[in-house]
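>>> the following block contains a protein sequence and its predicted model.
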Amino acid sequence: CGCSARLLAARAALHFGEEPCISGAEGSGTVFFSGCNLHCVFCQNHKISRERYGRELRAERLADIFRELEAKGANNINLVTPTPWVTEIIKALNIYRPKVPVLYNTSGYERVEVLRALEGLVDVWLPDYKYADSALAARFSGAANYPEVARAAIREMYRQSGNLKLNAAGKAVSGVMIRHLVLPLHLKNSFAVLEEIAEEYGTEQYVSLMFQYTPFRETRYPELNRSLTARERARAEDYFLRLGFRNGYIQEADSRGSRFLPDFNLEGV
């Protein structure tokens, strides 16, 4: 991840670009951490993930940020790309345990030992499951073992919390929701990911099928230098429905990636 022991964060504010059960009308109290343990060539958060732009924080300050986001009416405390900073995050959660659900928003590339250290501190898990294809994972994220690592990680999250649970207001309170970003020209990978989820967790499992892929920077892979076509979106949505998934979200066809990208201006940190 290229990070030191000094915790870095780039933004802490109410965020409205998540699924309805996460953002709601009030917003998700989102802390965007700097650094990442994957090197995805298409990352839309490149400024903070690879360049590690952010401000240094101590665990005590992070605990205060949790309080401040709660005071603004946040539905939850949403920890985005937290993996490099797990030690400091655990310290902060032991200083102050939020009264709203704590979300662990991750690429899915997690060690089971780390997730076990978080047991009882995280309410809602939001893992990506990016690849079922190890060659694709190596090519685009520098991690050929991504599929096996993500499978084990999601199993552990599921062991701790089960499927996503919503309260009477439709807000996420506990459990797992698996996210999958559909990539241009790689529908076979998306089909395989959805098949694996359905086989292991059943079609009641909450899944968020995301179509917001937008090439924010040119890559050396020509197929990634464009947005999804309407046909690609339609085929992925059709496969999701044909597999029988009953819970979750399918992103609107007219979504644009920039809508989901906040300004990393050190707000709130």
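All right, it came through fine.

>>> tell me the mean pLDDT over stretch 76-90?
Stretch 76-90 carries an average pLDDT of 95.

>>> so for that stretch, first residue to last residue, what's the gap.
End-to-end distance of stretch 76-90 (Cα to Cα, to the nearest Å): 17 Å.

>>> what residues of that stretch count as buried?
Using 16 or more other Cβ atoms under 10 Å as the test for burial, stretch 76-90 gives 76-86, 88-89. For every residue, glycine as well, the C-beta is placed using N, CA and C.

>>> what does stretch 186-193 give?
Buried-residue list, stretch 186-193, by 16+ other Cβ under 10 Å: 186-187, 189-193.

>>> return it as CSV; C-alpha atoms alone will do.
Output in CSV follows, covering the C-alpha atoms of stretch 186-193 (Å, rounded to 0.1, in the frame of the first residue of the first chain):
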residue,chain,number,x,y,z
HIS,A,186,-15.5,-8.0,-19.5
LEU,A,187,-19.0,-9.2,-19.0
LYS,A,188,-17.8,-12.8,-18.7
ASN,A,189,-16.1,-11.8,-15.5
SER,A,190,-19.2,-10.2,-14.2
PHE,A,191,-21.3,-13.2,-15.0
ALA,A,192,-18.9,-15.5,-13.2
VAL,A,193,-18.9,-13.2,-10.1
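
>>> report the mean per-residue pLDDT for that stretch.
98.

>>> again, but for stretch 252-269
Over the span of stretch 252-269, the pLDDT mean works out to 69.

>>> ditto for stretch 155-170
98.

>>> figure out how far it is from the centre of its chain.
Here stretch 155-170 shows a centroid-to-chain-centroid distance of 15 Å under the convention Cα atoms, centre = their mean, to the nearest Å.

>>> span of that stretch from start to end?
Stretch 155-170 end-to-end distance (Cα to Cα) = 24 Å.

>>> which outside residues touch that stretch?
The contact list for stretch 155-170 (Cβ atoms under 8 Å, 6 or more residues apart in numbering) reads 20-21, 24, 104, 112, 115-116, 119, 122-125, 127, 172-177, 200-201, 204-206, 247.

>>> quick one: buried ones out of the residues you listed?
21, 24, 104, 115, 122-125, 127, 172-177, 201, 205-206.

>>> and the furthest pair within the buried residues of stretch 76-90?
The largest separation in those, counting by Cβ to Cβ, is between 76 and 84 at 21.1 Å.

>>> that older thread, quick one: which of the buried residues of stretch 186-193 sit in helices?
187, 189-193 (DSSP state H).

>>> can you tell me which of those is nearest residue 29?
Distance to residue 29 across those (Cβ to Cβ) is lowest for residue 193, with 28.8 Å.

>>> if I read this right, the closest one contacts residue 128, doesn't it?
No. Assessed by Cβ atoms under 8 Å, residue 193 is found out of contact with residue 128, at 9.7 Å.
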